[in-house]
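Asks: Structure, please.
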Amino acid sequence: GGHGPGKYPPGKHRGPVLGYTGKVSGFLFDGFGDFEGFVLDTLDGEHEFWSREREMRTLAERAWRERLRITVRVGAHEPHRPLTILFREPPAPFDA
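Replies: Numbering: from 1, shown residues only. Sure thing, here's the model as predicted:
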C-alpha cells in the first residue's frame, strides 16, 4: 500500500516521496498502441503510473511476467510519475 512521505537520496529529488508496494496487474497503451504506463495492484487498490520510457516497459513486463513484488516511489506532487522501482524478494515457492 501507500506509505507516508520519506526522503530521497541527495541530488535526485527534492520533496516528499511516497512508495507503493504490490504487483503489476496491467499495462496502459495510447490509441496508437504505444506503451504509456502500468497498473500496480496494492493492498490499498490499484494505482496507475505513467512513463513512455522503453526501459520502464521492460521492467514492468518482467515484474508482471515473474509475479514479482515491487515498490514504486513517486514524488508526492507527481503521484503518477515513477522516480524509482525497487524489485522485492520473490515469494517462496508453494509446496503442495
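
Asks: what's the burial count for E66?
Replies: If you count neighbours by other Cβ atoms under 10 Å, E66 ends up with 11. Where you see a C-beta, it was placed from the backbone N, CA and C, and this is true even at glycine.

Asks: Then the one 4 residues further on?
Replies: Residues near I70, counting by other Cβ under 10 Å, number 22.

Asks: tell me the SS of the residue nearest to it when sequence neighbours are not counted?
Replies: Excluding its sequence neighbours, the residue lying closest to I70 (Cβ to Cβ, 6 or more residues apart in numbering) is A63, at 5.0 Å. Following DSSP: H, G, I helix; E, B strand; the rest coil, we place A63 in the helix state.

Asks: And A63, how close does it get to F38?
Replies: Using Cβ to Cβ, to the nearest Å, A63 is found at 8 Å from F38.

Asks: can you check T21 too?
Replies: As judged by Cβ to Cβ, T21 and F38 stand 14 Å apart.

Asks: same question, G26
Replies: For G26, the distance to F38 - Cβ to Cβ - is 7 Å.

Asks: what about the nearest residue to P90 once chain neighbours are set aside, helix or strand, and which?
Replies: Distances taken as Cβ to Cβ, 6+ apart place L68 nearest to P90, at 5.5 Å, with adjacent residues excluded. Using DSSP states H and E, L68 sits within no helix or strand.

Asks: Relative to P93, how far out is G19?
Replies: Taking Cβ to Cβ, one finds G19 at 26 Å from P93.

Asks: neighbour count winner among these two?
Replies: The neighbour comparison of G19 against P93 (other Cβ under 10 Å) goes to G19, with 17 against 5.

Asks: Spit out the contact partners of the nearest residue to E89 once chain neighbours are set aside.
Replies: Closest residue to E89 in three dimensions, ignoring its sequence neighbours and counting by Cβ to Cβ, 6+ apart: R69, at 7.7 Å. Residues in contact with R69 (Cβ atoms under 8 Å, 6 or more residues apart in numbering) are T21, G22, K23, R88, E89, P90, P91.
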